[in-house]
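*Asks:* Give me coordinates for this.
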Amino acid sequence: MKFLGILIAASALALGACAGATPIYNVEQAPIVLPPGKSANMNQVTTAIMRAGSSLGWQMQPEGPGRLTGRLNVRNLQAIIDVTHDTKSYSIKYRDSQGLNARDGTIHKNYNGWIQNLDKRIRTELNLL
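*Replies:* Residues are numbered from 1 along each chain as shown. A predicted model of the protein is given here:
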């Protein structure tokens, strides 16, 4: 009976450790929608993405044509993402993190909120082109 109690307690701790973990959210090939009659070149899209990230505290670093790395530091947490784009679409993909308990395709729930906010801000900045 004592063993059963220990087993139940261990199971509860294991489940508790997973609380707050959700599947990693990536943005895949989100279409770039511009106001009617407008078009954008690669530099304009890069600038809009960098402006969106910077406004939310992301450190955005160009890595080559259509490729950026973003880093967000919040307290003792860090998220690192890859952002790729052309003039028709963009993607935001998880690369690495510290303190967000990423494992087996899951991560702390705050990460997904940060990515959703970045995605919204990118769309807003692109709409201003």
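
*Asks:* what residues does the helix or strand containing Arg51 touch?
*Replies:* Per DSSP states H and E, Arg51 falls inside helix 42-55. Contacting residues not belonging to helix 42-55 are listed as 32, 40, 59-60, 62, 65-66, 68, 70, 83, 85-87, 90, 118, 121-122, 124-126, 128-129 [Cβ atoms under 8 Å, 6 or more residues apart in numbering]. Every C-beta, even on glycine, is put in place using the N, C-alpha and C of the backbone.

*Asks:* go with 10 Å
*Replies:* Contacts to helix 42-55, defined as Cβ atoms under 10 Å, 6 or more residues apart in numbering, come from residues 32, 34, 38, 40-41, 58-62, 65-68, 70-72, 81, 83-90, 92, 117-129.

*Asks:* If you count neighbours, what's buried in the longest helix that the chain contains?
*Replies:* Criterion DSSP state H: the longest helix present in the chain is helix 109-127. Buried residues in helix 109-127, counted by 16 or more other Cβ atoms under 10 Å: 111-112, 114-115, 118-119, 121-123, 125-126.
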